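**Student:** Coordinates only, no sequence provided:
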């Protein structure tokens, strides 16, 4: 499990990006729930931690794709593939992320870069 | 309601069809589209598709296995609406009778008068347009873009990256002054000259020269700009000719309430062809943005299914983006009403800017260049302010 930050350091309505590879973002919703998903939008290279958090949904800051934080499902295009979700554990006021072992759905340009190919 | 016809099979039409099913409509659903293609995403046509980074399959808007239980009449243009019979007449002589009708026929690129039939002259609106232009750009040469708006600027940026010699001609003194205001229009359009693309402003186009194929653009000040390829990016007109005589109220598009209802019961309109009442502005406004075509159908469909009994909400401020020369440009709100523009973050010279437009001290619009995080915060704040 990866420690993210203290729950008290992540106000409701805010997100924090963990710079692991690929990056993961942790969201604290207005209702007080905490979710973790892959930070990179599955459509193009954009950081979902920079996006618009509303309820249990985040809108990509660039092209307005929406993802359900609970399931990773696409709620609005242009994205077509879900983001990977990760288990979150809060222990003694600390947020931990258990990174999923599923394959991530990275956008074509980022996937190519990670594979060592041309960006 | 037993049959709903959605006229238009691009983003607004697809979003309407999805909203119908999502909101529990279980009846017959007919989607009519004048292009042969399944719904596809247009923004990449001037960017990643034109440059060859994305292929046609990447443009599909439908997800794998998505089934809206719709009848798709593709390659079929709607040519008339009979309001009394509730019938959409089609170009192939057929017709579709429906209890509810969603008009989503979009807009068409304006042509340059006199350019018809001249090889090497392009507009960019459809996938077929983009295929033809991409094939021509692959041959290199001198490109003249007529119109310094977003489509023209994106084509210029993409063609420059492909190695073409590019000139942009804009009739107004400052490109993008309409959507962005003079000051920011100047800063954003300076991206062209930053990269060695020629930008000629304040000069109109008199015509094109060439026999079978274009060889130059003739300017009103007498100059001749040699050209191997010309792209005309001078805006779009709403595709509503087919509705003339139907009795539906038209005024620069289909006139709609703040919930998408038209002057005809059981008919709503969405996307680029629709001029919705904007409660923030206090008048009708036709918005040609991708986000409007994606977001508004849900409200229009709710209106249609409820027989017009829903209370319209205040829509989010219009939002659009553009990618030019590697810079992410984002804009939300309305620049027209602003009396001041302040750069709150970054610097214009670095093409790294977060600018806030205000009227009487209240934010009415925001522009970002490579500032997605801050831009989204401001955009959210704009939406929260009535």
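**Tutor:** Okay, I see it. Bear in mind that the values here come from a model prediction, so they are computed numbers and not experimental data. Numbers count the residues shown, from 1 in each chain, chains lettered A, B, ... in the order given.

**Student:** Tell me which strands the strand ranked longest in chain A pairs with, and in which orientation.
**Tutor:** Criterion DSSP state E: the longest strand present in chain A is strand A:85-91. Looking at strand A:85-91 with DSSP bridges, its partner strands are strand A:34-38 (antiparallel), strand A:94-98 (antiparallel).

**Student:** Contacts for the first one, please.
**Tutor:** To tie it back to what came earlier, the one meant is strand A:34-38. Residues external to strand A:34-38 that are found in contact with it (Cβ atoms under 8 Å, 6 or more residues apart in numbering or on different chains): A:4, A:7, A:10, A:22-29, A:48, A:56, A:58, A:67, A:69-70, A:72, A:83-88, A:90, A:95, A:97, A:104-106. For the C-beta atoms, the positions are set from N, CA and C on the backbone; glycine is no exception.

**Student:** most packed of the strands paired with strand A:85-91?
**Tutor:** Stretch with highest mean neighbour count among the strands paired with strand A:85-91: strand A:34-38 (a mean of 24; mean count of other Cβ atoms under 10 Å in any protein chain shown).

**Student:** next helix or strand past that one?
**Tutor:** Once strand A:34-38 ends, the next helix or strand along the chain (criterion: DSSP states H and E) is strand A:52-54.

**Student:** contact partners of that following strand?
**Tutor:** With contact meaning Cβ under 8 Å, 6+ apart, strand A:52-54 is reached by A:13, A:14, A:15, A:27, A:29, A:30, A:58, A:59, A:61, B:376, B:379, B:380.

**Student:** Narrow those residues to those in helices?
**Tutor:** Secondary structure defined by DSSP state H assigns B:376, B:379, B:380 of these to helices.

**Student:** Would you mind giving those as CSV with neighbour count, pLDDT and distance to residue A:36 added?
**Tutor:** Shown next, in CSV, are the ones in helices among the contacts of strand A:52-54 (neighbours: other Cβ atoms under 10 Å in any protein chain shown; pLDDT from 0 to 100; distance: Cβ to Cβ, whole Å):
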residue, neighbour count, pLDDT, distance to residue A:36
B:376, 23, 96, 19
B:379, 24, 96, 24
B:380, 17, 93, 21
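
**Student:** Those residues: which ones sit near chain A?
**Tutor:** Among these, the residues that sit close to chain A (Cβ under 8 Å from any Cβ of the partner chain) are B:376, B:379, B:380.

**Student:** Contact residues of the stretch 1-150 of chain B facing chain A?
**Tutor:** For the stretch 1-150 of chain B, the residues in contact with chain A (Cβ under 8 Å from any Cβ) are B:11, B:41, B:43, B:53, B:54, B:58, B:60, B:61, B:63, B:64.

**Student:** Who are the contact partners of the closest residue to the third one other than its chain neighbours?
**Tutor:** What that stands for is residue B:43. Counting by Cβ to Cβ, 6 or more residues apart in numbering or on different chains, residue B:43 lies nearest to residue B:290, which is 5.8 Å off, once chain neighbours are set aside. With contacts defined as Cβ under 8 Å, 6+ apart, the neighbours of residue B:290 are A:63, A:64, B:11, B:42, B:43, B:320.

**Student:** Follow the chain on from the helix or strand containing the last one and name the next helix or strand.
**Tutor:** Right, residue B:320. Using DSSP H and E, residue B:320 falls within strand B:319-324. Of the helices and strands lying after strand B:319-324 in sequence (DSSP H and E), the nearest is strand B:327-333.

**Student:** and the helix or strand just after that following strand, what does it pack onto?
**Tutor:** Following strand B:327-333 in sequence order, the next helix or strand is strand B:340-347 (DSSP H and E). When contacts are defined as 3 or more Cβ pairs under 8 Å, 6 or more residues apart in numbering or on different chains; DSSP states H and E, strand B:340-347 packs onto strand B:352-359.

**Student:** Just the buried residues of the contacts of strand A:52-54.
**Tutor:** Buried residues within these, counting neighbours by 16 or more other Cβ atoms under 10 Å in any protein chain shown: A:15, A:27, A:29, A:58, A:59, A:61, B:376, B:379, B:380.

**Student:** For those, please prepare a markdown table with the additional fields distance to residue B:334.
**Tutor:** As requested, those are exported to a markdown table (distance: Cβ to Cβ, whole Å):
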| residue | distance to residue B:334 |
| --- | --- |
| A:15 | 28 |
| A:27 | 30 |
| A:29 | 30 |
| A:58 | 26 |
| A:59 | 20 |
| A:61 | 20 |
| B:376 | 18 |
| B:379 | 13 |
| B:380 | 17 |
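
**Student:** Which two of those residues have the greatest separation?
**Tutor:** Using Cβ to Cβ, the pair of those lying farthest apart is A:29 and B:379, separated by 18.9 Å.

**Student:** sorry, back to before: could you export the strands paired with strand A:85-91 to TSV, including columns for mean pLDDT and distance to residue B:363?
**Tutor:** TSV is the format used below for the strands paired with strand A:85-91 (pLDDT from 0 to 100; distance: least, Cβ to Cβ, whole Å):
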stretch	mean pLDDT	distance to residue B:363
strand A:34-38	98	30
strand A:94-98	98	33
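
**Student:** and of those strands, who's closest to residue B:309?
**Tutor:** Residue B:309 lies closest, by Cβ to Cβ, to one member of the strands paired with strand A:85-91: strand A:34-38, at 35.8 Å.

**Student:** Could you list the contact residues of chain A toward chain B?
**Tutor:** Taking Cβ under 8 Å from any Cβ as the criterion, chain A approaches chain B at residues A:46-47, A:50-52, A:61-64, A:74, A:76-78, A:80, A:108-109.
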